[in-house]
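1. Give the three-dimensional model of this entry:
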Amino acid sequence: MTVPHSTSPFTTSLRSHLAGSLRVADAGTKVRLGGWVHRSRNLGGIVFIDLRDREGIVQVSFGTDWSTAECIAQAAAVGVESVVMIEGMVVARTGETRNSEMGSGDVEVRATVIEVVGPAETPALPVARGKGEKLPSEELRLRHRYLDLRRPELQQSLILRHRLMQVTRRHLSERGYLELETPILTKPTPEGARDYLVPSRVHPGEFYALPQSPQIYKQLFMVSGFDRYFQIARCFRDEDLRADRQPEFTQIDIEASFVRSDDILALAQGLIGALWREAGHEIPAHFERMTYQVAMEKYGCDRPDLRYGLEIKDYTETFRGIEFGITQSALAAGGRVRGIVVPGASTWSRKQVDELEAIAKGAGALGLLRVKKAEGKYDGPIAKFLTPEAQSSLALEEGSLALFVAGADRITSPALDRVRQECAIRLGLVDETARRFLIVTDFPMFDRDPESGALGAVHHPFTAPNPADMTAFPDEPHRWRALAYDIVLNGLELGGGSIRTHDYATQSRMFALLGIGDRDEQERRFGFLLEGLRAGAPPHGGIAFGVDRIAMLLSGATSLRDVIAFPKTTTARALFEGAPTQVSADEMRALHLRPESA
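-> Next up is the predicted model:
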C-alpha cells in the first residue's frame, strides 16, 4: 500500500502519523503507524489492538473484510508491549463504538498490514492499567524505569516539562538574556550542603566538586560584561532526601547587572506567569509581598501557605503573672508564649489533641498547651490557671480551641507552623484549587548558632546586606537584613535569590563575619571570585527556580520522581542503572585512592 506523504513533523520513511494524533478529520486517510501494543482483544472474527505512542492511543482493528487471514493471525499472536508497524485506513467510529476517554476515540484504523519489529518479553510491570488499579510499588517501577516511562501520564509530565523549558528559553531570550553554560567540574565552595567530590587522576590527591549551583560563575559573567545571563543548570547536593528533593536537580538560573530587587522580581513574576499559562492557568501579574519578620511572626515559617488563616498570635502578656510553671520558666528565659485559635475544634478528643502535641514536640517544642471554650466555660489542662483577666484577654469564641507553645522563637515558630498546617488539613481549610503566590523579602543576613554563637549566612555568603542596616547598626551584624527574596506558592518555595555583594571590601568583610577572616584563607577558598571583584564589578543580582518542583506542581504529580526521567530513591540510589556501585581496586589506584581493604 502506498501511504501519502504527511506534512506532520513526525513523518519519517517508516511512519506517516502519530497514532494518538488521529482525529475524525483524518477519516479516509491511509496511514502508516508505529508504536507499542497497549492492549489486545481477540473477539473471534475480529482482533483489536490499542496502539500507543507518545501522543496517545488509537484502536486498530483486524477483520476479514479488510485484513488477510495471515494479518489477523499475526495480530492475534502479538504480545503486549511489543513494537509493531501498522498500515491501514482511518475510519470514523459511530454510535456506541466511540470512546470518549481517548483523544482518538472517534476513529479507528482498519489495518491491512502488521509487522512486529520489536517483540517484547512479558513485561516486569504492566504499562496499561484498568480504572482504579493501583500502580506497582515505586521501587519496582524505578527498577524497570524504561517500562514505567511508557505510562501515558508519565510521558505527559515529561512532555510538559519540555514545553516549560522552551517557554523559559523564549521568555528570557526575548528580554535580552543570554543562555551561557558554567562548568560541571569545579571548585568546592560552601553553598549550604555537602559537595559531591570527583578525584582527579592527573592531579594526585586533588578533587573537583560538582556544583551546588552556578553562583560564583554567574557573578563572574556579570564581572565580564555579560549583563543578562540565564542557564537551565544541573546542580548537585549531597544531602538527605525526601519526596521533593533529589541529589541532582535542575534550576532556572538568572542573573542581571545594574538592577535592584524589584527588577529581578518583575522578571521573575513574568516568567512564572508564562510557565503557568503554558500549563493552562492564568495567575495574577503581581504577587503579594510580605517581609520575613511578618511571615515568621504570623505563620512561623518563611514560606507561609496563605490559603487559610489560623494565624499565630503573641499571648505573652496574657500569661505574664500567671502561676503556671511552664510559661513562667519560658518567660524568665526571655521566651514568649505564642499560639493559634482553632474555631470549631473544642469537640476534638484528647487523643486528637495529643496527636497535635506529638507534632509540636517533633518540631522541637517541649509540649503543647491547650484550652477550649465549650458551653460558655474554659476547659482544659491550663484552664484552672487562667485568671478572669487572662480569659478576657484570650476572648475565645464558643467552640474554639486555643493551642500554645512557650519558649524562644526558634522553638515556637516551627512547632506552631506544623500544628497550624495539621489543623488546617483536619478542618478542610486547604483549598486545593487556590494559588496564593507570595514574595517574601527582608530576610536576615545572618543567623546565630544557639550553642556556639557563631554567625552563619541565611542564604549564602555572597548576598548583599541592606546598606541602611549596615549604617544604622555598624557593629551589630545580627540585626542586618539581606537584599534577598523568595517566591512562594501555597507554602512551597518556587525560587529565591538576592542582590549580590559586588565590591571586594564588603565581600571580604562578609567572609570575616562568617569566621573566614584570614586573607590567605579567603583567597584559598574564594580567590577566583575576589579577583574578579577587584577587577571592577557592576551591581548585580539574580534568582533561581527549581525546575523539578515547578514541573511537579503544574503536572499534578505528587513527587519529583514523577517529573524526572531517571530519578534517585530516597536513599540516593539509581535502581535501574545500579548506581552508586563499587569500582575495582585498579580503578581506585588510578585515581590515587586507597581501596577500603588496603
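
2. What are the boundaries of the helices in the stretch 151-300 of the chain?
-> 152-173, 215-223, 261-278, 292-299 (DSSP state H, counting those that start in this stretch).

3. Deepest in the core, which of those helices is it.
-> helix 215-223 (a mean of 22; mean count of other C-beta atoms under 10 Å). Glycine gets a C-beta too; all of them are placed from N, C-alpha and C.

4. Contacts for that one, please.
-> Applying C-beta atoms under 8 Å, 6 or more residues apart in numbering, the contact partners of helix 215-223 are 180, 182-183, 186, 189, 191, 211, 229, 231, 253, 255-257, 460, 462, 500, 502, 526, 528-529, 532-533, 535-538, 540, 542.

5. Give me the ChimeraX select line for those residues, limited to the buried ones.
-> Buried residues within those, by 16 or more other C-beta atoms under 10 Å, are selected in ChimeraX with:
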select :180,182,186,189,191,211,229,231,253,255,256,257,460,462,500,502,526,529,532,533,537,540,542
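
6. returning to what we had before: quick one: the helices of the stretch 151-300 of the chain as JSON lines, columns for distance to Ala579 and mean pLDDT too.
-> Converted to JSON lines, the helices of the stretch 151-300 of the chain look like this (distance: least, C-beta to C-beta, whole Å; pLDDT from 0 to 100):
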{"stretch": "helix 152-173", "distance to Ala579": "21", "mean pLDDT": "97"}
{"stretch": "helix 215-223", "distance to Ala579": "27", "mean pLDDT": "96"}
{"stretch": "helix 261-278", "distance to Ala579": "31", "mean pLDDT": "98"}
{"stretch": "helix 292-299", "distance to Ala579": "39", "mean pLDDT": "98"}
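
7. mind checking which of these is nearest Arg448?
-> helix 292-299 (15.1 Å; C-beta to C-beta).

8. After that closest one, heading C-terminal, what element do we hit next?
-> Remark: after helix 292-299, the chain's next helix or strand is strand 313-314, criterion DSSP states H and E.

9. Which neighbouring elements make contact with that following strand?
-> Applying 3 or more C-beta pairs under 8 Å, 6 or more residues apart in numbering; DSSP states H and E, we find strand 313-314 packed against strand 336-342.

10. List the contacts of Ile264.
-> Ile264 neighbours (C-beta under 8 Å, 6+ apart): 254, 256, 485, 497, 499, 541-543.

11. ignore the last one, Gln246
-> 548, 560-561, 564, 567-568.

12. Recalculate using a threshold of 7 Å.
-> 548, 560, 564, 567-568 (C-beta atoms under 7 Å, 6 or more residues apart in numbering).

13. Sort out which one of the residues you listed lies nearest Glu587 for me.
-> Nearest to Glu587 among those, with distances taken as C-beta to C-beta, is Lys568, at 22.3 Å.

14. doesn't Leu575 make contact with the closest one?
-> No: with contacts counted by C-beta atoms under 7 Å, Lys568 stays clear of Leu575, the gap being 8.6 Å.

15. Phi, psi for Ile86 please.
-> Ile86 adopts backbone torsions of phi -120, psi 140, taken as degrees, to the nearest 10.

16. Ok, Pro119 next?
-> phi -60, psi 140.

17. Could you tell me how many residues sit around the closest residue to it other than its chain neighbours?
-> Nearest in space to Pro119, with sequence neighbours left out and distances taken as C-beta to C-beta, 6 or more residues apart in numbering, is Ser82 at 5.1 Å. Look at Ser82: counted by other C-beta atoms under 10 Å, it has 18 neighbours.

18. same question, Ser452
-> Ser452 has 9 neighbouring residues, counting by other C-beta under 10 Å.

19. Strands along the stretch 1-150 of the chain, start to end?
-> Taking DSSP state E, counting those that start in this stretch, the strands of the stretch 1-150 of the chain run over residues 30-42, 46-53, 56-63, 83-92, 107-118.

20. just to revisit the earlier point, right, so of the helices of the stretch 151-300 of the chain, which gets closest to Asp354?
-> Comparing the helices of the stretch 151-300 of the chain by C-beta to C-beta, helix 292-299 comes nearest, at 23.8 Å.

21. For the residue nearest to Ala434 when sequence neighbours are not counted, which residues are in contact?
-> Once flanking residues are discounted, Ala434 sits nearest to Arg307: 4.8 Å by C-beta to C-beta, 6+ apart. For Arg307, the contacting residues are 430-431, 434, 436, 490, by C-beta under 7 Å, 6+ apart.
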